[in-house]
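Participant: prediction below, plus the sequence it came from.
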Amino acid sequence: MRPRTGLAMAGAAALVWGEWLNWRWSRALVGAVGGTSEAVVVLGYRNPGPKANLINRRRVRAGVRSVAAGNARDTQVIFSGGVTSGGASEARLMADYAGSVQEFDGTVLLEDRSTTTWENITNVIPLIEDVDRIKIASQPAHALKARAYLRRQRPDLAAKLVRADDYRLGEYVLAKPLLALYGLWTLRGLRADERTISP
């Protein structure tokens, strides 16, 4: 086998592996829940600048497109993330981006005290208790971690979890192997039953 062919095959395998892991994580700990009201929780990422950074912009896009089609009036989008650099909170920066760039004009709530994923979940619980469905939007591995944390803190609310639109085949395809490696590291504390793909 020629070296270039071997490299091409290894690269293709890495891309397929990255896609598969991200697809798998996006479908773990979610169900098929009915109802008319939903909350989409968008988790923030460290944002030292005055505008939403690349990762937070990607998460906002995933959150906005996770709003059920035609159901925007019965959906609340909750941006969760505190202040990390002395400026505006991650939640505020993401909400501003959703309104100004994504032109989202639905119901927006801010949770602006959290600095960790565990705190994200703890602090949004009062905002999601009364909805029928809950979606958590982030990178697939991070969203899975947050769903596992909700399951640990409030199993009754975790039963309302449905899949967010944070994974699409071929989207950010070159970054997915790196996201998969990082995801494996961040999910190392999850139990086997918290990684199971929902039927």
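Facilitator: The structure has been received and is ready for your questions.
Participant: make it CA atoms for all contacts and neighbour counts henceforth
Facilitator: Will do.
Participant: so which residues of this protein form strands?
Facilitator: In the chain, the segments counted as strands under DSSP state E are 38-43, 75-80, 107-111, 133-137.
Participant: neighbouring contacts of the second one?
Facilitator: Read it as strand 75-80. 37-44, 63-64, 67-68, 90-92, 94-95, 106-114, 120, 124 (C-alpha atoms under 8 Å, 6 or more residues apart in numbering).
Participant: just the last one next, same as before
Facilitator: Outside of strand 133-137, the residues that reach it under the criterion C-alpha under 8 Å, 6+ apart are 33-35, 37-43, 59-60, 62-63, 66, 128, 143, 146-147, 160-166.
Participant: spatially central residue in this structure, please.
Facilitator: With distances taken as C-alpha atoms, centre = their mean, residue 138 lies nearest the centre of the chain, 1.9 Å away.
Participant: confidence-wise, which helix or strand of the chain is lowest on average?
Facilitator: Least confident helix or strand of the chain, by mean pLDDT, DSSP states H and E, is helix 3-26 with a mean of 85.
Participant: buried residues of that helix, list them for me.
Facilitator: 14, 15, 18, 19, 20, 21, 22, 23, 24, 25, 26 (16 or more other C-alpha atoms under 10 Å).
Participant: mind putting these into TSV with distance to residue 54?
Facilitator: Output for those, formatted as TSV (distance: C-alpha to C-alpha, whole Å):
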residue	distance to residue 54
14	23
15	21
18	20
19	20
20	23
21	22
22	19
23	21
24	24
25	21
26	20
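Participant: ok, residue 14 - contacts?
Facilitator: Taking C-alpha under 8 Å, 6+ apart as the test, what residue 14 contacts is residue 177.
Participant: returning to that earlier point: select only the buried ones of the contacts of strand 75-80 in PyMOL?
Facilitator: Of the contacts of strand 75-80, the buried ones can be selected in PyMOL as follows, counting by 16+ other C-alpha under 10 Å:
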select buried, resi 37+38+39+40+41+42+43+44+63+64+67+68+90+91+92+94+95+106+108+109+110+111+112+113+114+120+124
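Participant: re the thing from before, between the buried residues of helix 3-26, which is nearest residue 174?
Facilitator: Of all these, the one with the least separation from residue 174 (C-alpha to C-alpha) is residue 15, at 6.8 Å.
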